[in-house]
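> need a structure here:
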Amino acid sequence: MGAIYSKVFANILAADVGLNLLMWSHAALYSTEKYFDMTGALTYWIMIITGILQRNGNVSSRQIINSALTMLWSGRLGSFLVNRIGTDHIDVRFNYVRTRPAAFLVFWATQMLWCFLTAFPLYTLLAKDDTKNVQSTSVDYLSWTMWSFGFVIEVVADMQKRAFRANPINHGKLITSGLWAYSQHPNYAGEMIMAFAMWLSCSQSFVNTESAITFSSPVFVWFLLKHISGVRLLDAIAKKRWSNDPAYAAYCA
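Next up is the predicted model:
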């Protein structure tokens, strides 16, 4: 539990809150969500770098590898989302809040929570001295293999959906090809796998209480994507568009 109450951990949290409040003030002033997704990716990087710099060079291979993997994931996801907003110009999630600063702040606060809880195990690991623990264990290799598997699923699923939507022939259609033929939300499945794998690797350096508390990370990712911002919203949109389409019913079945 000492790591979670440490100065290192407090500074990591301060970086999260400070950056998002700064960008929210800009977004509210200009009524734009243009930098929302970019800020999310940047927040991960700043929080991780903040944690690493405070180690004063006393960094384990597990801390380096897990930090690099999280920065790879957040950087890739951030660039994908930034490119999407650059193409679509608006994000329909913000249609009713971008001109209402207080309501807009809820989204930025949610992003703060997302950036914190998704990488909670990593921040806890960075707040500890991990150099005395055994490195590159069989659990690490299993975790990194699982993480890589989830990452590939997410990247391929995003690429397939983007390519599908870019084809005018598919306008108004539901994607049911590629990985989407096997799962209605393969990109989210990949992200859930990565969250669990990261916790599994990091938890080797934790005491039992830290392992239990940081397990809230994969649980949060699952709950967020399944019941709040991901599956629930997309399924509602899909049902509204294709509820009378037998092909959609067959796909869901």
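> Hmm, Ser216 and Ile4 touching each other?
No: using C-beta atoms under 8 Å, Ile4 is not in contact with Ser216, being 11.6 Å away. In short, each C-beta sits where N, CA and C put it, glycine included.
> Look at the two and report which has more neighbours.
Set Ile4 next to Ser216 and count neighbours by other C-beta atoms under 10 Å: Ile4 wins out with 18 against 14.
> ok, and the closest non-adjacent residue to that one?
Closest residue in space to Ile4, ignoring its immediate chain neighbours: Thr124 at 6.1 Å, by C-beta to C-beta, 6 or more residues apart in numbering.
> Looks like that neighbour contacts Cys202 (just checking).
Yes: with contacts counted by C-beta under 8 Å, Thr124 reaches Cys202, the gap being 6.8 Å.
> Residues that sit against both of those two, list them.
Thr214 (C-beta atoms under 8 Å, 6 or more residues apart in numbering).
> circling back: how much space separates the residue nearest to Ile4 from Gly75?
21 Å (C-beta to C-beta, to the nearest Å).
> Please identify which of these two sits among more neighbours.
Thr124 (27 against 14).
> ok, and what's touching the helix or strand harbouring that one?
Here Thr124, judged by DSSP states H and E, is contained in helix 120-126. By C-beta under 8 Å, 6+ apart, the residues outside helix 120-126 that reach it are 3-4, 8-9, 12, 47-48, 51-52, 54-55, 62-63, 66-67, 70, 116, 198-199, 202-203, 205-206, 210, 214, 216-217, 220.
> what's the answer for stretch 246-253, then?
Leu174, Thr176, Gln184, Ala238, Trp242.
> cutoff 10 Å now
173-176, 180-181, 184, 235, 238-239, 241-243, 245 (C-beta atoms under 10 Å, 6 or more residues apart in numbering).
> Just give me the neighbour total for the closest residue to Asn11 other than its chain neighbours.
In space, not counting the residues next to it along the chain, Asn11 is nearest to Thr50; the distance is 5.6 Å by C-beta to C-beta, 6+ apart. Neighbourhood size, Thr50 [other C-beta under 10 Å]: 18.
> Just list what the helix or strand where Thr50 lies packs against, helices and strands only.
Per DSSP H and E, Thr50 falls inside helix 36-53. Under the contact definition 3 or more C-beta pairs under 10 Å, 6 or more residues apart in numbering; DSSP states H and E, helix 36-53 sits against helix 7-30, helix 61-88, helix 101-118, helix 120-126.
> by how many degrees do that helix and helix 7-30 diverge?
Interaxial angle of helix 36-53 relative to helix 7-30 (axes from the mean of the first three to the mean of the last three C-alpha atoms, to 10 degrees): 160 degrees.
> pLDDT of helix 36-53, averaged?
Helix 36-53 carries an average pLDDT of 93.
> Return the set of buried residues in that helix.
36-37, 39-48, 50-52 (16 or more other C-beta atoms under 10 Å).
> Now find how far off-centre that helix is within its chain.
Offset of helix 36-53 from its chain centre (C-alpha atoms, centre = their mean, to the nearest Å): 12 Å.
> Repeat that for stretch 50-64.
Averaging C-alpha positions (C-alpha atoms, centre = their mean) puts stretch 50-64 22 Å from its chain's average.
> got the contact list for it?
6-9, 11-16, 48, 66-67, 119, 122-137, 140, 143-144, 201-202, 204-205.
> 8 Å instead?
Counting by C-beta under 8 Å, 6+ apart, residues outside stretch 50-64 touching it are 7-8, 11-12, 15, 67, 122-123, 125-127, 129-131, 133, 135-136, 140, 201-202, 204-205.
> Not counting sequence-adjacent ones, nearest residue to Asp37?
Closest to Asp37 by C-beta to C-beta, 6+ apart is Leu81, at 3.6 Å.
> Against which helices or strands is whichever strand or helix holds Trp144 packed?
Under the criterion of DSSP H and E, Trp144 resides in helix 138-166. Contact analysis of helix 138-166 by 3 or more C-beta pairs under 8 Å, 6 or more residues apart in numbering; DSSP states H and E lists helix 61-88, helix 186-202 as its packing neighbours.
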